[in-house]
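K.L.:
here is my input, please return the structure:
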Amino acid sequence: MRLRLGILGLALVLPALDLHGQAKLAVQKLAEGVWAATPDRGGNVGWFLYGDGVVAVDSGIDSAIAKQILGQIAETTGGKPVRFLVLTHAHADHSTGARDFAAAGAQVICHENAAGPILAYVTQPARGASDPMSGKKISPTVMTVSERLILFDGTRRADIQWLGAAHTTGDLVVLLANEKILFAGDLALNGRVPDLHLADADPGAWVKTLPRLAAAPMEKMVPGHGAIGPRTGISDTLAYVRGLDEIVQRLIRSGVREEYLDIRLREPDNRIQNVPLSEAHLANARAVYQRKKEELVRPSPTRTPRAGTPTPPRSPAS
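P.N.:
Numbering: from 1, shown residues only. You can find the predicted model right below:
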């Protein structure tokens, strides 16, 4: 069975490098007081006005990118300070610039499952004069979100939510309900396959989380990677995760051994249309195969009711 996926040619077009070696940020104004940008490397970022300051979403892959983001924030907002930095998850391509933001006075916000490594990173001693925390008399702290945090200044409402495990166990999304803009992090990508092969990814949970993300009242999406604006990455990512799971389960049922998996994935019936046989796709298939095989030999846990079971996370607020 050939699965059809409306994704693309999966080529991510990045801004050109400056001739002098400095990367450029491709900045877009999405609404009044709301911007997003695509660095030449690492994940997308965004920021919006909030009260007398700014809330930033993700911090860039390194200090050089973070400094450019902070420069663009100052330029687009008239020099308003960054009050909060929301990290959609702890992966380096989204969070390494957090020290620069903390050094600039921003309060770091992340999910509680990501708090350990992020706190350790932003509070570590300065490593030389080039470190953004060098000479700063600041003790950075991390504010954590369990399920939901709402920032509201009387005009703009920012709904920061954890919808469940997916790309990591600590993914956050940010919904600007009035502007109908969603910062999705790596939960949904435009123009590329998701990273199911990473150790902290949970494809089974991802399939359950994405429909809840799709229910968010938004018209524009800032994905973790790929084109800013289209929200099609939600349905594309969901179709890919579901499609690959179906293919791998069928191959397991037919008795295919792992060493022959790459060969079988090249057969027409095991292809996902518009998804090339890239190393990322093959790595995803291998990871899903290994997880499914482990599930087959793992004994089913005996479930017993527990008092005080937490209420499931709510859908994004309108």
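K.L.:
select the longest helix from this protein.
P.N.:
Longest helix in the chain, counting residues (DSSP state H): helix 232-253.
K.L.:
list the helices and strands it packs on?
P.N.:
Counting contacts by 3 or more C-beta pairs under 8 Å, 6 or more residues apart in numbering; DSSP states H and E, helix 232-253 is packed against helix 203-214, strand 220-223, helix 261-265, helix 279-297. Quick note: C-beta positions are derived from backbone N, CA and C, even for glycine.
K.L.:
and Ser63, which of those is closest to it?
P.N.:
Evaluated over the helices and strands packed on helix 232-253, closeness to Ser63 peaks at strand 220-223, with 22.0 Å, by C-beta to C-beta.
K.L.:
run the chain-centre distance for the longest helix of the chain.
P.N.:
19 Å (C-alpha atoms, centre = their mean, to the nearest Å).
K.L.:
ok, now stretch 59-74?
P.N.:
Mean-position distance between stretch 59-74 and its chain equals 18 Å (C-alpha atoms, centre = their mean).
K.L.:
likewise for stretch 151-161?
P.N.:
With C-alpha atoms, centre = their mean as the basis, stretch 151-161 stands 20 Å off its chain's centre.
K.L.:
from here on, count from 46
P.N.:
All right, first residue 46 from here; so that's stretch 196-206.
K.L.:
pull out the buried residues from it.
P.N.:
Buried positions in stretch 196-206, judged by neighbour count with 16 or more other C-beta atoms under 10 Å: 196, 201-206.
K.L.:
which residues touch that stretch?
P.N.:
78, 93-96, 100, 129, 131, 154, 190, 192-195, 217-224, 358-359, 361-362 (C-beta atoms under 8 Å, 6 or more residues apart in numbering).
K.L.:
stretch 100-114 - what's its average pLDDT?
P.N.:
The average pLDDT within stretch 100-114 is 97.
K.L.:
can you pull the buried residues of that stretch?
P.N.:
Judged by neighbour count (16+ other C-beta under 10 Å), stretch 100-114 contains these buried residues: 100-111, 113-114.
K.L.:
cool, and stretch 127-143?
P.N.:
Buried residues in stretch 127-143 (16+ other C-beta under 10 Å): 127-136, 138-143.
K.L.:
now, which of those residues lie within strands?
P.N.:
127-131 (DSSP state E).
K.L.:
columns distance to Ala210 and pLDDT on top of those residues, output as a markdown table?
P.N.:
Below are these laid out as a markdown table (distance: C-beta to C-beta, whole Å; pLDDT from 0 to 100):
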| residue | distance to Ala210 | pLDDT |
| --- | --- | --- |
| Val127 | 29 | 98 |
| Arg128 | 29 | 98 |
| Phe129 | 24 | 98 |
| Leu130 | 23 | 98 |
| Val131 | 18 | 98 |
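K.L.:
export those residues to TSV and tack on distance to Ala71?
P.N.:
Output for those, formatted as TSV (distance: C-beta to C-beta, whole Å):
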residue	distance to Ala71
Val127	20
Arg128	25
Phe129	23
Leu130	20
Val131	21
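K.L.:
tell me the one among the residues you listed nearest to Leu289.
P.N.:
Taking C-beta to C-beta as the measure, Leu289 lies nearest Val131 of these, at 29.6 Å.
K.L.:
the closest one against Ser104, yeah?
P.N.:
No: contact criterion C-beta atoms under 8 Å: Val131 and Ser104 do not qualify, at 9.4 Å.
K.L.:
so what strands line up beside the helix or strand harbouring Phe93?
P.N.:
In this structure, Phe93 sits in strand 90-95 according to DSSP states H and E. Sheet partners assigned to strand 90-95 using DSSP bridges are listed as strand 79-83 (antiparallel), strand 98-102 (antiparallel).
K.L.:
list the helices and strands the next helix or strand after the last one packs on?
P.N.:
The C-terminal neighbour of strand 98-102 among helices and strands, as given by DSSP H and E, is helix 108-122. Using 3+ C-beta pairs under 8 Å, 6+ apart as the contact criterion, the elements in contact with helix 108-122 are strand 71-76, strand 79-83, strand 90-95, strand 98-102, helix 143-148.
K.L.:
so for the first one, mean pLDDT?
P.N.:
Put plainly, it is strand 71-76. Mean predicted confidence for strand 71-76 is 96.
K.L.:
hmm, who's touching that strand?
P.N.:
60, 80-83, 91, 117, 121, 221, 224, 226, 265, 267, 273-274.
K.L.:
try the fourth one
P.N.:
When contacts are defined by C-beta under 8 Å, 6+ apart, strand 98-102 is touched by residues 90-93, 114, 118, 122, 125-131, 133, 146, 151, 196, 203, 219, 228, 267.
K.L.:
kindly report the same for the second one.
P.N.:
Outside of strand 79-83, the residues that reach it under the criterion C-beta under 8 Å, 6+ apart are 59-60, 70-75, 89-94, 114, 117-118, 121, 221, 224, 226, 228, 267, 273.
K.L.:
in PyMOL, select just the buried ones from the residues you listed.
P.N.:
In PyMOL syntax, the buried subset of those is picked out as below (16+ other C-beta under 10 Å):
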select buried, resi 70+72+73+75+89+90+91+92+93+94+114+117+118+121+221+224+226+228+267+273
